[in-house]
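In: show me how the following folds:
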Amino acid sequence: MLGLIKTSLSPNASTLLKLTSESPVLQTQKCSIASFIHGGQYMHAEVVKKKGKNLLSDPIFNKGLAFPPAERDRLGIRGLIPTSQLTVEEQEKVIMEEYELGWADRAERELDDEIMASGVSPDNIRKWKVLQSVQDRNETLFYSLLMDNFHEMAPIIYTPTVGWACSHFSHLFRRSRGMFISPSDRGEMASMVYNWPSSEVDAVVVTDGSRVLGMGDLGIGGLGISIGKLDLYVAAGGFHPRRVLPVVLDIGTANTKLLSDPKYLGLKQPRLEGEEYYSFIDEFMASIKLRWPRALIQFEDFQSKHAATLLNRYRHEYLMFNDDIQGTAATVLAGLYGAMKAQGLGPEALKDQTILVCGAGSAGSGVILTIRNALMHRNGLSKEDASSKFYIVDERGLISKARSNLAGMEELFEDLSSFAESDTGMEGLSLLDTVKKVKPSILIGLSGCGGLFSADVLKAMGENVKTPVILPLSNPTSRAECSAEDAQKFTDGRAIFASGSPFPDVTMNGSLIASSQCNNRYIFPGLALGAALGQTGVVTDAMIQTAAEALVELLTDEDVAIRSTFPQNADIREISCHLAAMVFIQATKDGVKHVNKEMLESYTHGGYSELKQYIYSKMWNPCYRPLVYLS
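Out: Numbers count the residues shown, from 1 in each chain. Predicted coordinates for the structure are as follows:
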């Protein structure tokens, strides 16, 4: 082009143009090059001086999902965006659909959507979009908003609204956040993790999207829950937003709806299984530890048949935990301790309860094993006596030692046979008949079966004890085993209620009765903070039980008066700091290896008080600081 212009200029002007075009200033600004192709056309290319996340954040050079595989490798963005490719025309179509009808309006028309049917409103979707746009351009402002309005905004950026975002992930995707690891990356993960821009990562939340929030296989959409979890790590636990990493293992999907969706961005093939699956995750875990050896890794929303196996595979070698198994279990244990306190009893009263659990999946397994461990180690019961406190019902009824596939079920539920009812004549007993026969004082729902706690079941619970404890923990709301209103209505307002999904408080006979939410967000930020900051090396069962006990210590007289099982008004950072301190103290009792010597010295020198001061001093706070440029 310059050559063509040059021929029409005077010699002096031509020389000036040549000098100017070769000046250092223009050379640094040159952003495209061209080469003549035989036949009369030109080959054009853009010159970029950015790679990785910096390139993806540049509105001129970012192609979204149009980067071809070789370019992704060359420019350091492999793993930073989904493996799918979209042309500019396909990207235009996605934007035009939203241009013509916004997501809040579209959500209102999705009458058969499970999340919308669960009570998430179009206005929740609008609020989620607003907060996402803030997070994309100013994370300090985003987390300041979240901390100042935590109780209002947590249900928007986390459950239940995040469930809608996960189920619509491929349609909503606009900006890369987190890492995407797929089977084509095998053998390359150790180098891929270096595409992530932060050299320091304190916490990783990883999912394979196979069992998201009780909604089943959402494939690549599971990344939404990893992001939502880490938003709470930052807001509640004080982790630095630049030092957390959400990850989705995009290893296929069994969801036929996703496989037939032309806009689905994940891998459209059956899921990896068997040894191929486990070796894939082995490589992922080793790669994370290779680059960030001190990072805590939280497993999230893995299907039952893999969750317990993965936990047992890695828990003694990595600083890791599974929130669905251990976090849920700790939260339920805390809720039960809170229920004892609401009745004027101490935590030791738990040993005198009869507990009926509906659901024999990984969550049920984790809850029951954690409660049993608490009964054994905190209350001195033998394993046999502690196991006898439980009855378990699944889709085939009460589980007894006569269950034909009992040994096979133990692949998903560790030591299930020790909990199976010894009276084989009770095998397959219905939920209602079980409630009437064994007269439980505590009823826990982890079945994913909405409405399972019928009026008759709830009435029978009310006849068993003066104050029945009802915990319908399945998510989303449409899968909750009962509502707070029904729990109180059919027990004459005597129930202590806590659920997985949010329900409004209930007023009966002029008295307000709390509808507590038994949500992991009370536990996992503090548990993770204590383990990650303390560099405990592993997360022990005792540390998890301690987190549950520590949470109940924050219940106030006002909470107890309305039968709340969780702190209603405690500051979320205070909760996390208290739990982190108690978890670390328990770790010292367990004799685990400590890398953070400063934290240990703070505790040794000044006890609990100085330990909390140390933890607070390490929490990131969202505020504007003076910036200094260093080249």
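
In: okay, helices next: where are they in the stretch 401-550 of the chain?
Out: Here the stretch 401-550 of the chain has its helices, by DSSP state H, counting those that start in this stretch, at 406-409, 431-438, 455-464, 484-489, 524-534, 541-552.

In: list the buried ones in the helix or strand following the longest one?
Out: By that I understand helix 541-552. From helix 541-552 onward toward the C-terminus, using DSSP states H and E, the following helix or strand is helix 557-561. By 16 or more other C-beta atoms under 10 Å, the buried positions in helix 557-561 come out as Asp559, Val560. For every residue, glycine as well, the C-beta is placed using N, CA and C.

In: quick one: contacts for Ser483?
Out: Taking C-beta atoms under 8 Å, 6 or more residues apart in numbering as the criterion, Ser483 is in contact with Pro472, Phe503.

In: and for Cys623?
Out: Neighbouring residues of Cys623 by C-beta under 8 Å, 6+ apart: Thr140, Ser144.

In: and it, its phi and psi?
Out: Here is the backbone geometry of Cys623 (degrees, to the nearest 10): phi -150, psi 150.

In: can you tell me how far it is from Thr467?
Out: Separation of Cys623 from Thr467 (C-beta to C-beta, to the nearest Å): 45 Å.

In: go on, Leu600?
Out: Distance, Leu600 to Thr467, using C-beta to C-beta: 42 Å.

In: which one is the residue most central in space within the chain nearest to, not counting chain neighbours?
Out: Nearest to the mean C-alpha position of the chain, by C-alpha atoms, centre = their mean, lies Lys229 at 4.0 Å. The shortest distance from Lys229 to any non-neighbouring residue, by C-beta to C-beta, 6 or more residues apart in numbering, is to Val205 (4.6 Å).

In: need phi/psi at the one you found.
Out: Dihedral angles of Val205 (phi, psi; degrees, to the nearest 10) stand at phi -110, psi 120.

In: and it, what is it in contact with?
Out: The neighbours of Val205, taking C-beta under 8 Å, 6+ apart as the test, are Ile225, Ser226, Lys229, Leu230, Tyr233, Val244, Leu245, Pro246, Val247, Ile297, Gln298, Glu300.

In: what's the pLDDT at it?
Out: Val205 is assigned a predicted lDDT (pLDDT) of 98.

In: now it, which residues is it bridged with?
Out: Listed by DSSP bridges, the beta-bridge partners for Val205 are Pro246, Gln298.

In: separation between it and Asp231?
Out: Applying C-beta to C-beta, the value for Val205 to Asp231 is 10 Å.

In: okay, now the unreliable bits of the protein?
Out: 1-31 (pLDDT under 70).

In: out of the helices of the stretch 401-550 of the chain, deepest packed?
Out: Comparing the helices of the stretch 401-550 of the chain by mean neighbour count (mean count of other C-beta atoms under 10 Å), helix 524-534 comes out on top with a mean of 29.

In: quick one, that helix and helix 541-552 angle?
Out: Put simply, helix 524-534 runs at 130 degrees to helix 541-552, going by axes from the mean of the first three to the mean of the last three C-alpha atoms, to 10 degrees.

In: contact partners for the spatially closest residue to Lys593 that is not a sequence neighbour?
Out: For Lys593, ignoring the flanking residues on the chain, the nearest one in space by C-beta to C-beta, 6+ apart is Gly537 at 4.5 Å. By C-beta under 8 Å, 6+ apart, the residues touching Gly537 are Leu319, Val592, Lys593, His594, Val595.

In: nearest to Gly380, of the residues you listed?
Out: Val592 (23.5 Å; C-beta to C-beta).

In: in TSV: the contacts of Gly537, plus neighbour count and secondary structure.
Out: TSV is the format used below for the contacts of Gly537 (neighbours: other C-beta atoms under 10 Å; DSSP: H, G, I helix; E, B strand; the rest coil):
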residue	neighbour count	secondary structure
Leu319	25	coil
Val592	20	coil
Lys593	9	coil
His594	16	coil
Val595	13	coil
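
In: how about the residues you listed, which pair is most distant?
Out: Leu319 and His594 (11.9 Å).

In: which neighbours do these two share?
Out: Any residue near both Leu319 and His594 by C-beta under 8 Å, 6+ apart counts here, and that gives Gln535, Thr536, Gly537.

In: now do the strands in the stretch 151-300 of the chain.
Out: Using DSSP state E, counting those that start in this stretch, the strands found in the stretch 151-300 of the chain span residues 179-181, 203-207, 244-249, 296-299.

In: same list (the ones you listed) but as CSV, adding distance to Gln586.
Out: As requested, the strands of the stretch 151-300 of the chain are arranged in CSV below (distance: least, C-beta to C-beta, whole Å):
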stretch, distance to Gln586
strand 179-181, 32
strand 203-207, 19
strand 244-249, 24
strand 296-299, 16
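
In: next, count neighbours for the closest residue to Gln517 other than its chain neighbours.
Out: In space, Gln517 comes closest to Pro502 once its chain neighbours are excluded; the distance is 5.1 Å by C-beta to C-beta, 6+ apart. Neighbourhood size, Pro502 [other C-beta atoms under 10 Å]: 17.

In: any idea how far Val244 is from Asn322?
Out: 18 Å.

In: actually Pro241, sorry about that
Out: Distance from Pro241 to Asn322, by C-beta to C-beta: 24 Å.

In: when these two are compared, which one has more neighbours?
Out: Shown here are Pro241 and Asn322; by other C-beta under 10 Å, Asn322 has more neighbours (26 against 18).

In: quick check: that one touching Leu310?
Out: Yes. Counting by C-beta atoms under 8 Å, Asn322 touches Leu310, with 7.1 Å between them.

In: from the contacts of Val205, pick the one nearest Arg174.
Out: Pro246 (15.7 Å).

In: count of residues packed around the closest one?
Out: Residues near Pro246, counting by other C-beta under 10 Å, number 24.

In: show me what contacts the residue nearest to Leu446 when sequence neighbours are not counted?
Out: With sequence-adjacent residues excluded and distances taken as C-beta to C-beta, 6+ apart, Leu446 is closest to Gly359, at 3.4 Å. Residues near Gly359 by C-beta under 8 Å, 6+ apart: Asp394, Ile444, Gly445, Leu446, Ser447, Gly448, Ser474.

In: any idea how far Phe566 is from Gly359?
Out: Going from Gly359 to Phe566 by C-beta to C-beta gives 21 Å.

In: quick one on the thing from earlier: against Gly237, how distant is the residue nearest to Lys593?
Out: Distance of Gly537 to Gly237, given as C-beta to C-beta: 19 Å.

In: tell me how far Val205 lies from Met320.
Out: Using C-beta to C-beta, Val205 is found at 11 Å from Met320.

In: ok, Arg294 next?
Out: Distance, Arg294 to Met320, by C-beta to C-beta: 12 Å.

In: between these two, which is the more surrounded one?
Out: Met320 (25 against 14).

In: that one and Glu300 touch, don't they?
Out: No. Between Met320 and Glu300 there is no contact under C-beta under 8 Å: 11.2 Å.

In: correct me, but the residue nearest to Gln517 touches Pro160?
Out: Yes. Using C-beta under 8 Å, Pro502 is in contact with Pro160, at 7.0 Å.

In: okay, and the common contacts of the two?
Out: Thr477.

In: one step back: can you list residues touching both of Asn322 and Leu310?
Out: Shared contacts of Asn322 and Leu310 (C-beta under 8 Å, 6+ apart): Phe299, Phe302.

In: right, and Asp208 touches Gly222 too?
Out: Yes. Counting by C-beta under 8 Å, Asp208 touches Gly222, with 6.7 Å between them.

In: quickly list what's touching both of those two.
Out: Shared contacts of Asp208 and Gly222 (C-beta under 8 Å, 6+ apart): Val248, Asp301.

In: quick one on the thing from earlier: taking the contacts of Val205, tell me the two that lie furthest apart.
Out: Spanning the widest gap among the contacts of Val205 are Ile225 and Ile297, at 15.0 Å by C-beta to C-beta.
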